[in-house]
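[1] Would you be able to build a 3D model of this:
(one chain, ligands or ions: 1)
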Amino acid sequence: MNAGTEDTKARLALVRKLTDSIRAHRVPATAFVVGRNTQSPGGEEILRLWLDAGVALGNHTATHTSLHRMSLEAYEDDILAQDAPLRALLGKGGAVPAYFRHPMLQNGRTPALKRESSAFLAENGYAVAPVTLDNSEWIFARAYSLALANDDRASQRR
Ligand SMILES: [Zn+2]
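    Predicted coordinates:
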């Protein structure tokens, strides 16, 4: 079995733990989907696990590129590139994507850009999901992944 298969199994096991807990405690939740992540092995199964647990799926763009690193036009294309497959997937259950989250929570460098991106999202039926807690856990996940990749057990434990 190769490392990619192990990564997929680990991702699926993690999502199953989360969805089991969400289901057991009846937690209302929305998972924000990045299109490129659904193209990786296990991606479709992960979306199915979220949906089966009653988790809503929101749009987090196709490539997870910040609006601060691209034009508004390219950003809108990135949103729509994720909208179509999400809408098709949710449509099977009679739902539509309702929430959007900006990659890196960056919604434009200027007030005008913030207004224009907000207007585009509203025109396409999206509400920007509020963030009430940002725990930066991804920093620990990245450090842990590097420790796993380097077989660095001391760092994994720390
Ligand atoms: Zn993100």
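[2] use CA for all of it now, contacts and neighbours both
    OK.
[3] is it true that M104 touches R69?
    No. Using C-alpha atoms under 8 Å as the test, M104 is too far from R69 to be in contact (11.0 Å).
[4] what about L67, neighbour count?
    24 (other C-alpha atoms under 10 Å).
[5] Report the contact partners of it.
    75, 102-103, 106-108 (C-alpha atoms under 8 Å, 6 or more residues apart in numbering).
[6] do the same with R36
    Contacts of R36 by C-alpha under 8 Å, 6+ apart are 62-63.
[7] Go ahead and list the helix or strand containing V27.
    Under DSSP states H and E, no helix or strand contains V27.
[8] so how far is D20 from it?
    For V27, the distance to D20 equals 10 Å [C-alpha to C-alpha, to the nearest Å].
[9] and if you look at A154?
    For A154, the distance to D20 equals 30 Å [C-alpha to C-alpha].
[10] G54 too?
    Distance from G54 to D20, by C-alpha to C-alpha: 11 Å.
[11] Would you mark the buried spots in stretch 40-51?
    41-43, 46-47, 49-51 (16 or more other C-alpha atoms under 10 Å).
[12] where do the strands sit along this structure?
    Taking DSSP state E as the criterion, the chain contains strands spanning 30-33, 56-59, 99-100, 127-128.
[13] Rebuild those as a markdown table, extending it with mean pLDDT and distance to N150.
    Formatted as a markdown table, these follow (pLDDT from 0 to 100; distance: least, C-alpha to C-alpha, whole Å):
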| stretch | mean pLDDT | distance to N150 |
| --- | --- | --- |
| strand 30-33 | 95 | 29 |
| strand 56-59 | 96 | 33 |
| strand 99-100 | 98 | 35 |
| strand 127-128 | 96 | 38 |
